[in-house]
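Undergrad: below are the sequence and a predicted model; questions follow.
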Amino acid sequence: MALPFNILVLVCLAYVVFLFLVAFGADKRASQGGSNWLGLPLIYTLSLSVYCTAWTFYGAVGYAARSGLEYVTIYLGPTLVMIGWWWILRKLVRIGRAQRVTSIADLISSRYGKSNGLGVLVTLLAVVGTTPYIALQLQSVTLSFAVFAAAAPGGFEGADLSATALWVAVGLALFTILFGTRNLDANERHHGVVTAIAVEAVVKLVALMAVGIFVVWGVAGGTTEIASMIADSPISNWNINPGRWAGLTFLSAAAFLTLPRMFQVLVVENVDERQLATASWAFPTYLMLMSLFVVPIAVAGLNVLPPDANPDLFVLTLPLHYNQQGLAMLSFLGGFSSATSMVIVASIALSTMVSNHIVMPIWLSARSDEGATVSGDVRHLVLTSRRLSIGAVLLLGYLYYHFSGGGAELAAIGLISFAGVAQVLPALLGGIVWRGAARNGAAVGLIAGFAVWAYTLFLPSFGEAGIMSAQMLTNGPWGLEWLRPRALFGLAGLDPVVHAVFWSMLINTGAFIVVSLLSFPSPLERLQGAQFVNVFEHSASTKGWAHGGAEAEDLLIMAQRIMGADEAQTLFQAQASDQGKEGYLPDTTPDFIARLERELAGSVGAATAHAMVGQIVGGASVSVEDLMAVADETQQMLEHSSQLEAQQKELTTTARRLSEVNEKLTQLSIQKDAFLSQISHELRTPMTSIRAFSEILRESDLDHAAQEKYAMIIHGEAVRLTRLLDDLLDLSVLENGQVQLYPQHEPLSHVLDRAVAATSSLSAGGIAIRRNPEAEEIGLYTDTDRLAQVFINLIANAAKYCEAQAPCLEIKVSQKLGELRIDFVDNGGGIPPESQAVIFEKFSRLSDQAAAGGAGLGLAICREIMDKLGGTVTYLPGQSGAAFRVTLPVAM
Amino acid sequence: MTDQTSDLKIGGDPEPTVAVTLPRHVLVIEDEPNIIEAISFILSRDGWVVATHSNGETAVEAVLKLRPDALILDVMLPGRSGYDILQDLRANETTKDLPVLMLTARGQKNDRELAERLGVNKFMTKPFSNAEVLETMRALIEA
């Protein structure tokens, strides 16, 4: 009666091998450039049929059997979108091509300022929304196996359904990995997979129609008979609930746009925008054909099969009931096709998202301290991460199936998934029509909508024994009635799905709009927003490869920007003359494009060049791998440029230092010249007297007194000269820091005694000196010879310059603020304020020094000595006469 | 004063015999006492009537008052430099042709150039030879 299980398995395997060959052949043709065939709008239309999963194949009949015509809403939504919102789809496809979008998460992330946070959010949402759906497919395949198992006469070991599901999951994972991650070169499209999906689309349509035809003409006996059966059945009596119809139609329309697998086939796998035009009528037709026999099959199943038969499996059980083995097998393959195509596309879409938005960012940030990576390395990683993601997605689906027990109604799971994924809709539609849509708005809307969905629909779906207690479902959390998950804010009496969709979409959209209006988008966000909303103004052409002059023009404009106008024009002219098109733009042949890319690579790096040429040529999309390679190059350029900048800075600093040093040297040179000039003067002056008088002495017969006098002058000038030389040498040693200090213990009084004694011999009987012996009883430990030299200078200055009638110098000693102060104050006229600042400079004699006989180096030497001894010597203004203060640190 | 005036007129006379016999007046503007003494000694012995002045600030006044036949001018003077004094003298009608010998202890090239630009008759660096000073003074007065 039924097929042996082994044969069933064999047929399945054979079918998979067949699909494998189809996919392999398509990939091969695509790589050989047979893109015309792949670009067939029919293939595109058929690939859209991943919308019709096992839920549609088996579940629609079950749905009709339970709820009448309501199942139509599931087809109505996509039909309305395809026909009525054709322009929205076209915009999505255009944006997808212009921005090289790889998934719906990528689109949202890219639109809102390339925010990876949003990408992660949408990815998580997609995974949560899709996992039950994958579980559903596994369940349908398993259930269909079980039908055959139950029908088998002796029965076979079909008890281990979970193992069957596991094997199906493993098989699908292998198939998806083989064809979903085979193609690594800068292309998110999967020609092989898409072709296999198209073949499966045909299989499921043929299977369902075959069952339908069998039911109408084989079982019922014609259209009239089946019409009367329908009229007699309860299906025709059920009332239509307008709210639920509107809600479900909206939901299926939203899901059609936002389901990851739908986005994959609609936008990412789209080769040519014009395919949409065909699909806009062909796909609704396909849906209509798919739904055509749903009601007859449901009615026949209800009439013919036992009441406890699962309506979800009527498509299988009806042929089996009439012992139509071949038809049952075809029907099984139809269901198998529905399930596998959904799982394959969904896992490709999800793995792209998971890999691009979760795995890669984590890996890149973990690797960021290791510097730039080679692009090959990244590609290998992308490959691995995609494969692992596919495995993980299918594993999640299997686990969900395993632990949920597969008890829930198929249609219910489908609707819950739809409602979850539909939360992306406000951000998606807002992003492509409203420039004001902002990242924060999208994020808040998504999170809020997702939370409301989870609270009102997803969590309660696990039943009263599940996560939410019955108590909570009926009375609300903490007894708050307005928070009841199925009657939020007191909105009771609605269908749970419609209730959840209403609140989640309302809150989602509201939050999205309000927060968007309140936030200030970043510059990148504004730019992306403008590019998305005005995509038709930005990208004039989406033609394929090697078409017409507009492209050559674009290439020329781009090349000029990178290579410079002259070089780019020379290259284009040379190419044009090679092609025999002198004076025109060259044809954009693959050879030329490859050549141009090589030329550009010399300027901006290979990955950037590839990405830029790819953007204009449009044949190959720019993949994440490309972008990362670009980022790497940019990073390297940035590093290089920051190195250059640092070098530049260093050079500037060095130049500034050099100029400072130069200025100092110039200043020093000027000072040196002035100093030499001064020394010259100081040396030549006594020399003049010496020479003049020595000549006088030699030539004249002078009297003895005159001889004596002139000889004395010569002697005096010679002494002055010697002292000057001594001072100069002393100052030179002090200034160069070569001076050797000889510290010794000696009381201050003793040092002053020595100084006074030395000066009294110089200016005999010149000046009276008053001292305070008690205050001077202080022990010193320093180079007291040098200190005495300072004292001698100060006393000698007072003796020389004090013009008082009775010149007097008072030496006062005090200790204050941790220093020892020795003040030398005379009773003369003092030093005028304007000169006080310069007296310590070399050769800064104030007046009439010839009489005093100094060279003007004394105070300069004093200052140097005190500096070496750790003290100071300063002029003390505001005293009765000239006053100098010498200080020394007390703890000496 | 009247004598000096007449002397000057006579001094301007090209007749050599008159020039040798009559005493020439020279003003020495210098601040080093020993140098003043040396110059005064050698010029007096050669028949010059020597006046001295050691303040830069009042030097021009002294020249206009004394009306010497020649001037010996130091550069580094208290109050005012020899260059400034020379500039004033050359700007004054009565002294614009006065023979001036400049003596300086700062014998650098630019010092000499500056002095010549200002119209000095002779520029000598200290220490000098007594004989050379005398010859120069004679030459200046005869020119």
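TA: Great, that's in hand. Small disclaimer: the values here were computed from a predicted structure and weren't measured.
Undergrad: show me which residues of chain B sit near chain A.
TA: Residues of chain B lying close to chain A (Cβ under 8 Å from any Cβ of the partner chain) are B:31-35, B:37-39, B:41-42, B:45, B:76, B:78, B:105-108, B:125-131. (Glycine included, C-beta is placed from N, CA and C.)
Undergrad: now the buried members of those.
TA: When these are checked for burial by 16 or more other Cβ atoms under 10 Å in any protein chain shown, the buried set is B:31-32, B:34-35, B:37-39, B:41-42, B:76, B:78, B:105-107, B:125-128, B:130.
Undergrad: which pLDDT value goes with A:D377?
TA: pLDDT, A:D377: 54.
Undergrad: how about the strands in chain B?
TA: Secondary structure of chain B (DSSP state E): strands at B:24-29, B:48-53, B:70-74, B:100-104, B:122-125.
Undergrad: please identify the deepest-packed of those.
TA: Neighbour counts (mean count of other Cβ atoms under 10 Å in any protein chain shown) averaged over each of the strands of chain B peak at strand B:70-74, with a mean of 26.
Undergrad: now that one - C-alpha only, CSV.
TA: The C-alpha coordinates for strand B:70-74 follow below in CSV (Å, rounded to 0.1, in the frame of the first residue of the first chain):
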residue,chain,number,x,y,z
ALA,B,70,92.8,122.2,15.0
LEU,B,71,91.1,119.6,17.1
ILE,B,72,92.1,116.3,18.5
LEU,B,73,89.0,114.3,19.3
ASP,B,74,88.6,111.1,21.2
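Undergrad: and the residues of chain B next to chain A, which of them are in helices?
TA: Among the residues of chain B next to chain A, the ones falling in helices (DSSP state H) are B:33-35, B:37-39, B:41-42, B:45, B:130-131.
Undergrad: now the strands of chain B as CSV including distance to A:A559 and mean pLDDT?
TA: As requested, the strands of chain B are arranged in CSV below (distance: least, Cβ to Cβ, whole Å; pLDDT from 0 to 100):
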stretch, distance to A:A559, mean pLDDT
strand B:24-29, 85, 93
strand B:48-53, 89, 93
strand B:70-74, 82, 94
strand B:100-104, 76, 92
strand B:122-125, 76, 92
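Undergrad: A:G326: which of the ones in helices among the residues of chain B next to chain A is nearest?
TA: Closest approach to A:G326 among those (Cβ to Cβ): B:I35, at 142.3 Å.
Undergrad: list the buried residues in stretch A:582-599.
TA: Neighbour-count burial for stretch A:582-599 [16+ other Cβ under 10 Å]: A:585-588, A:592-593, A:595-597, A:599.
Undergrad: list just the nearest of those to chain B.
TA: Closest to chain B out of the buried residues of stretch A:582-599 is A:E599 (65.2 Å), distances taken as Cβ to the nearest Cβ.
Undergrad: doesn't that closest one lie inside a helix?
TA: Yes: counting by DSSP: H, G, I helix; E, B strand; the rest coil, A:E599 is part of a helix.
Undergrad: that one touches A:F572, doesn't it?
TA: No: using Cβ atoms under 8 Å, A:E599 is not in contact with A:F572; the gap is 10.5 Å.
Undergrad: who touches both of those two?
TA: Common contacts of A:E599 and A:F572 (Cβ atoms under 8 Å, 6 or more residues apart in numbering or on different chains): A:A559.
Undergrad: ok, so what distance separates the closest residue to B:I42 other than its chain neighbours from B:M76?
TA: Distances taken as Cβ to Cβ, 6 or more residues apart in numbering or on different chains place B:N130 nearest to B:I42, at 4.8 Å, with adjacent residues excluded. Distance check for B:N130 against B:M76: by Cβ to Cβ, to the nearest Å, it reads 21 Å.
Undergrad: any weak-confidence spans in chain B?
TA: Applying pLDDT under 70 to chain B picks out residues B:1-22, B:107.
Undergrad: for the most centrally placed residue in it, which non-adjacent residue is closest in space?
TA: Against the mean C-alpha coordinate of chain B, by Cα atoms, centre = their mean, the closest residue is B:L71 at 1.3 Å. In space, and not counting its chain neighbours, B:L71 is closest to B:V100: 4.7 Å by Cβ to Cβ, 6+ apart.
Undergrad: repeat that for A:D495.
TA: Excluding the flanking residues, the one nearest A:D495 by Cβ to Cβ, 6+ apart is A:R244, at 5.0 Å.
Undergrad: my guess is that neighbour contacts A:V501. True?
TA: No: assessed by Cβ under 8 Å, A:R244 is found out of contact with A:V501, at 10.2 Å.
Undergrad: neighbour count: these two, which is higher?
TA: Taking neighbours as other Cβ atoms under 10 Å in any protein chain shown, A:R244 and A:V501 compare with A:V501 leading, 28 against 16.
Undergrad: the host helix or strand of the more buried one packs against which elements?
TA: A:V501 belongs to helix A:496-518 when assigned by DSSP states H and E. Using 3 or more Cβ pairs under 8 Å, 6 or more residues apart in numbering or on different chains; DSSP states H and E, the elements in contact with helix A:496-518 are helix A:242-258, helix A:410-421, helix A:425-433, helix A:439-453.
Undergrad: which parts of it are buried?
TA: Buried, per 16+ other Cβ under 10 Å, within helix A:496-518: A:496-505, A:507-509, A:511-513, A:515-516.
Undergrad: is any residue of the top helix by length along chain A near chain B?
TA: Assignment by DSSP H gives helix A:624-699 as the longest helix of chain A. Yes: judged by Cβ under 8 Å from any Cβ, helix A:624-699 comes into contact with chain B at A:677, A:680-685, A:687-693, A:695-696, A:699.
Undergrad: hmm, which of the residues you listed are the buried ones?
TA: Among the residues of helix A:624-699 next to chain B, those classed as buried by 16+ other Cβ under 10 Å are A:677, A:680-685, A:687-693, A:695-696.
Undergrad: A:P773: which of these is nearest?
TA: Minimum distance to A:P773 across these is 38.6 Å, recorded for A:E682 (Cβ to Cβ).
Undergrad: residue contacts, that closest one?
TA: Going by Cβ under 8 Å, 6+ apart, A:E682 touches A:724, A:843, A:855-856, B:105.
Undergrad: quick one: which of those residues has the most company?
TA: A:A855 (26 neighbours).
Undergrad: what's across from A:K816 in the sheet?
TA: Counting by DSSP bridges, A:K816 is bridged to A:E819.
Undergrad: burial count for A:I108?
TA: Using other Cβ under 10 Å, A:I108 has 27 neighbouring residues.
Undergrad: surely it touches A:G441?
TA: No: A:I108 is beyond contact range of A:G441, at 11.8 Å (criterion: Cβ under 8 Å).
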